[in-house]
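Student: Here's my sequence, what's the structure:
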Amino acid sequence: MSKSLVLFSGGPDSTAVLLWALRNDLDPELLTFRFFDNWQNGELKSAMNIANEMDITHTIVDLKGIYN
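Tutor: Purely as a prediction, here's the structure:
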């Protein structure tokens, strides 16, 4: 399996990319950027839940201090 990196918001588009990677024998790692506190919380929680349920490495880069 080849490694892949999926920019992952936890929304339907990035989840579809994750599923595509898995179905094409890629070994995905997930990368999420956190920019805001409240606006992004729903998708961030979704991203964390999906990564946890699928046991996939998930890195969250916290950039919220730059934009607040």
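
Student: what helices or strands is the longest strand along the chain leaning on?
Tutor: For the chain, the strand with the greatest residue count under DSSP state E is strand 26-34. Secondary-structure packing of strand 26-34 (3 or more C-beta pairs under 8 Å, 6 or more residues apart in numbering; DSSP states H and E): strand 2-7, helix 12-23, helix 41-54, strand 58-62. For every residue, glycine as well, the C-beta is placed using N, CA and C.

Student: Determine which of those approaches Glu29 most closely.
Tutor: Comparison of the helices and strands packed on strand 26-34 against Glu29 by C-beta to C-beta identifies strand 2-7 as nearest, at 5.6 Å.

Student: Give me the secondary structure label for Ser9.
Tutor: coil (DSSP: H, G, I helix; E, B strand; the rest coil).

Student: Report the spatially closest residue to it, excluding sequence-adjacent ones.
Tutor: Nearest residue to Ser9, sequence neighbours excluded (C-beta to C-beta, 6 or more residues apart in numbering): Glu43, at 4.9 Å.

Student: Check that neighbour and give its pLDDT.
Tutor: We have a pLDDT of 85 for Glu43.

Student: OK, contacts around it?
Tutor: Glu43 makes contact with 9-11 under the criterion C-beta atoms under 8 Å, 6 or more residues apart in numbering.

Student: Flag the shaky bits of this structure, pLDDT-wise.
Tutor: Applying pLDDT under 70 to the chain flags the ranges 37-40, 66-68.

Student: so who does the most centrally placed residue in the chain touch?
Tutor: Geometric centre of the chain, nearest residue: Phe8, 2.7 Å, by C-alpha atoms, centre = their mean. Applying C-beta under 8 Å, 6+ apart, we find Phe8 in contact with 14-15, 17-18, 30-32, 47, 50-51, 58.

Student: what's the answer for Leu63, then?
Tutor: Going by C-beta under 8 Å, 6+ apart, Leu63 touches 33-35.

Student: Of those residues, which is the most crowded?
Tutor: Arg34 (17 neighbours; other C-beta atoms under 10 Å).

Student: Cool, thanks, talk later.
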